[in-house]
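# need the 3D shape of this:
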Amino acid sequence: MHPAAQRAAPPKRRASYTAREKLDAANALEATKDVARVIKERYPDLSASAYESRRKLVLKWLRNKPKIEMHATSVCQPADVAWNFPFKARLRAYWVGYLREQLRAHNSGNKFALTAPDRVKVSKWVSMAWDELSSTTIANGYKKAFGPLLDDADIAAADLIENLSRHCAIDADIGEVDSDDDIEVNEVDEE
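Alright, predicted model coming up:
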């Protein structure tokens, strides 16, 4: 093998860092106030020659943290597809149903003007549309940006509780019961 081919390839420079990486490094520096420690923890394979440029970069991220946070809003874009679209579709369906009711009640010979729904009705639509979204749908909206927020068992439990509450099968007086809690049973004395 040729001696030049035996040498290891130099590490590739990264062209850019994600907003999440920048924020994490800036937050770590803000918490510890120790640049060397933050760089060592986040970039353990960094060569000594690249240390100074990375130090300047992390300090720049800390100075520009508010700007970075503005650009981090893109992590919420999956929410638009995952739950905002179904939410708006349900609201639209309630609105169309409301308009159809008005049209059905209209006599063809009279003057007619559609009336806007009042705030109470719109608030009810928003509440109903939000309640119809499952926790799985909402969690999936953030899965791409943050990874799974909940494991499958937590999502299944939340869906079960959601379905039970929709069918009025949960007693609100009892509250949340933890698996570690003891349940006391009152025994009836037999006479």
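# could I get the full set of helices for this structure?
Under the criterion DSSP state H, the chain contains helices at 3-6, 19-32, 35-42, 48-63, 65-71, 77-79, 85-105, 119-132, 135-146, 152-166.
# pLDDT (mean, whole number) over the fifth one?
Which is helix 65-71. Mean pLDDT, helix 65-71: 64.
# equivalent analysis for the third one, please.
Predicted confidence along helix 35-42 averages 88 (mean pLDDT).
# ok, now which ones touch V126?
When contacts are counted by C-beta atoms under 8 Å, 6 or more residues apart in numbering, V126 touches L91. In this view, the C-beta of every residue, glycine as well, is placed from N, C-alpha and C.
# please repeat the previous calculation with a cut-off of 10 Å.
Applying C-beta atoms under 10 Å, 6 or more residues apart in numbering, we find V126 in contact with F87, R90, L91, Y94.
# what's the spacing between it and L133?
As judged by C-beta to C-beta, to the nearest Å, V126 and L133 stand 11 Å apart.
# can you check which residues contact both of these two?
F87, R90.
# could you dump the helices of the chain to TSV with distance to F112?
Below are the helices of the chain laid out as TSV (distance: least, C-beta to C-beta, whole Å):
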stretch	distance to F112
helix 3-6	84
helix 19-32	53
helix 35-42	67
helix 48-63	61
helix 65-71	48
helix 77-79	39
helix 85-105	8
helix 119-132	20
helix 135-146	38
helix 152-166	37
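# nearest to K111 among the ones you listed would be which one?
When the helices of the chain are compared by C-beta to C-beta, helix 85-105 sits nearest K111, at 13.3 Å.
# from the contact counts, what lies against that closest one?
helix 119-132, helix 135-146 (3 or more C-beta pairs under 10 Å, 6 or more residues apart in numbering; DSSP states H and E).
# wait, T18 sits on D24?
Yes - contact criterion C-beta atoms under 10 Å: T18 and D24 qualify, at 9.3 Å.
# tell me the domain ranges of the chain?
The record's domain parsing of the chain by automatic domain parsing lists 17-63, 77-166.
# burial measure for W130, as a count.
By other C-beta atoms under 10 Å, the residues close to W130 number 13.
# in space, what's closest to it - neighbours in sequence excluded?
Nearest non-adjacent residue to W130, counting by C-beta to C-beta, 6 or more residues apart in numbering: F87, 6.7 Å away.
# pLDDT at the one you found, what is it?
In this model, F87 is scored at 86, pLDDT.
# can you give me the distance of it to A93?
Counting by C-beta to C-beta, the gap from F87 to A93 is 11 Å.
# common neighbours of the two, please.
With C-beta under 10 Å, 6+ apart, F87 and A93 have common neighbours A129.
# what about the two, which has more around it?
Between F87 and A93, counting by other C-beta under 10 Å, F87 is the more crowded of the two (19 against 12).
# who's in contact with T137?
The contact partners of T137, taken as C-beta under 10 Å, 6+ apart, are A79, A82, W83, P86, F87, D159.
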